[in-house]
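Trainee: Build the 3D model from these lines:
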Amino acid sequence: MTSLRKNLAVLLLFLSASPFLHSDLSSHAASSPPPATRPRIIFMNDLSSDDNFEDDYLDNDNHSSLPEVVHTMKTTKLQLHTQLCQHSPCLENQEPCKLISKRTGCLCPGFSAANEPPHAPRIHMLQPISKGDNRGKIEVQWCAPSSVVSAYKVLIEGSEALEFQEVSRRGLIGFLEVGTKVCVEAVNSAGHSVASDFSCTRYDPPEFADHKLLAGVIGGGVALLLLLIIAALILWKYQLRKKAKRDSADGLGNPSYSTEGTL
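Mentor: Numbers count the residues shown, from 1 in each chain. As a prediction, this is how the structure comes out:
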C-alpha cells in the first residue's frame with residue numbers, strides 16, 4: 001500500500017511538470033535558426049534572348065532530382081565568314097577592302113593607325129617598256145603596305161622624287177642607267193615609311209627575247225660560215241689529190257715515151 005502511494009505521487013508530480021517541458025521545447029524550436037537554403041540557380045535556355053529564362057531552386061530534402069541544363073550554341077557572323085577578302089595589295093584602282101568586308105563579311109588584313117607613319121611598301125619589279133611611245137623607259141611596280149597611305153613617292157638615286165596617288169601601284173620613271181638605286185616610299189599625315197631591303201632595289205635590265213633571238217641568229221650565221229669554209233677546204237684538198245693521182249697515172253701509162261726521142 002505504501003508503494004502504491006509513492007507511485008501515485010510520482011505520477012502527479014510528472015503531470016504537473018509536463019506543461020513547463022512542453023513550453024521549453026516550443027521555445028527552443030522557435031529560437032533555433034531556420035534550415036539553410038541553397039543559393040538560387042538560373043538556367044538559360046536560349047542565348048539569343050535576354051528575357052527567356054526561368055528560376056529553379058534545389059530541394060533541400062531531395063538532392064537527386066536536379067533540373068536538366070540545356071546547352072545551346074549561337075553561331076556568330078565571325079564564324080560564318082572567316083575567309084580573307086579578295087583584295088590584292090599589288091593591284092591598283094581596286095575597291096577598298098573595308099567596302100568589300102562590309103558587303104561580303106570577309107576579313108581584311110590589319111592596318112596600322114592613321115596617326116602612325118606607314119610601313120614600307122614592297123617593290124615588285126623594275127622593267128623597261130618594250131612597246132609604244134614610252135619604249136625604253138623604265139616602269140616601277142610596287143605593293144601597298146598594311147597601313148593608311150595618302151600618297152607614294154619614288155626616290156631615284158641622283159634625281160628628284162616622283163609622287164603618285166594612293167591608289168597607284170606603278171609609275172613611269174624615265175630612263176635609268178644600270179645599277180641605279182630606286183626606292184618606293186609610303187606617305188600619310190603622320191610621316192613617311194623608312195627605306196628597307198624590300199622597298200629599294202637597283203636597276204638590272206633583263207634580257208629581252210629579241211636580243212636572245214638576235215644573238216641566236218648571229219651565232220647560227222657564224223657557225224654556218226665556218227662549216228662552209230671547212231667544206232670548201234676539204235673539197236679543195238680532195239681536188240688536189242685527185243689531180244695528183246691523174247698526173248701520176250698519165251706518166252706511167254706509156255713506158256716507151258721519152259722526152260729525148262723514140263728508141
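Trainee: Run a quick neighbour tally on residue 98.
Mentor: 12 (other C-beta atoms under 10 Å). In this view, the C-beta of every residue, glycine as well, is placed from N, C-alpha and C.
Trainee: Helices of this protein, start to end?
Mentor: If DSSP state H is used as the criterion, the helices of the chain fall at 2-31, 77-80, 97-104, 209-252.
Trainee: Check those helices for me: which has the lowest mean pLDDT.
Mentor: Sorting these by mean pLDDT places helix 77-80 lowest, at a mean of 46.
Trainee: Tell me where the model's unsure across the stretch 51-200 of the chain.
Mentor: Under the criterion pLDDT under 70, the flagged ranges of the stretch 51-200 of the chain are 51-82.
Trainee: Which residue ranges of it form strands?
Mentor: Assigned by DSSP state E, counting those that start in this stretch, the strands in the stretch 51-200 of the chain fall at 53-56, 122-128, 138-143, 151-156, 162-165, 170-174, 181-188, 191-192, 200-202.
Trainee: and of the ones you listed, who's closest to residue 109?
Mentor: strand 138-143 (12.1 Å; C-beta to C-beta).
Trainee: Which residues does that closest one contact?
Mentor: Contact partners of strand 138-143, identified using C-beta atoms under 8 Å, 6 or more residues apart in numbering, comprise 89-90, 121-129, 152, 154, 169-176, 182, 184, 199, 203.
Trainee: Could you pull out the buried residues of that strand?
Mentor: By 16 or more other C-beta atoms under 10 Å, the buried positions in strand 138-143 come out as 138, 140, 141, 142, 143.
Trainee: One more: stretch 115-128?
Mentor: Buried, per 16+ other C-beta under 10 Å, within stretch 115-128: 117, 118, 119, 120, 121, 122, 123, 124, 126, 128.
Trainee: just curious, which of the residues you listed is nearest to residue 165?
Mentor: Of the buried residues of stretch 115-128, the one sitting nearest to residue 165 (C-beta to C-beta) turns out to be residue 121, at 13.4 Å.
Trainee: tell me the phi and psi of that closest one?
Mentor: Here is the backbone geometry of residue 121 (degrees, to the nearest 10): phi -70, psi 170.
Trainee: any idea how far residue 142 is from it?
Mentor: 5 Å (C-beta to C-beta, to the nearest Å).
Trainee: hey, what's in contact with both of the two?
Mentor: 152, 184, 199.
Trainee: Buried ones among those?
Mentor: For these, buried by 16+ other C-beta under 10 Å: 152, 184, 199.
Trainee: Would you tell me which one of these comes nearest to residue 113?
Mentor: Closest approach to residue 113 among these (C-beta to C-beta): residue 152, at 19.1 Å.
Trainee: What sits closest to the closest one if chain neighbours are left out?
Mentor: residue 164 (4.6 Å; C-beta to C-beta, 6 or more residues apart in numbering).
Trainee: surely that neighbour meets residue 171?
Mentor: Yes. With contacts counted by C-beta atoms under 8 Å, residue 164 reaches residue 171, the gap being 4.9 Å.
Trainee: who touches both of the two?
Mentor: Common neighbours of residue 164 and residue 171 (C-beta under 8 Å, 6+ apart) are 152, 154.
Trainee: Send over stretch 220-229 as CSV, restricted to the C-alpha atoms.
Mentor: What follows is stretch 220-229, C-alpha atoms only, in CSV (Å, rounded to 0.1, in the frame of the first residue of the first chain):
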residue,chain,number,x,y,z
GLY,A,220,74.0,30.5,-136.3
GLY,A,221,75.3,32.5,-139.2
VAL,A,222,78.9,32.3,-137.8
ALA,A,223,78.6,28.6,-137.4
LEU,A,224,77.2,28.1,-140.9
LEU,A,225,80.0,30.3,-142.3
LEU,A,226,82.6,28.1,-140.5
LEU,A,227,81.0,25.0,-141.9
LEU,A,228,81.1,26.3,-145.5
ILE,A,229,84.8,27.3,-145.1
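Trainee: Report the beta-bridge partner residues of the spatially closest residue to residue 170 that is not a sequence neighbour.
Mentor: Counting by C-beta to C-beta, 6+ apart, residue 170 lies nearest to residue 141, which is 4.5 Å off, once chain neighbours are set aside. In this entry, residue 141 is beta-bridged to residue 125, residue 170, by DSSP bridges.
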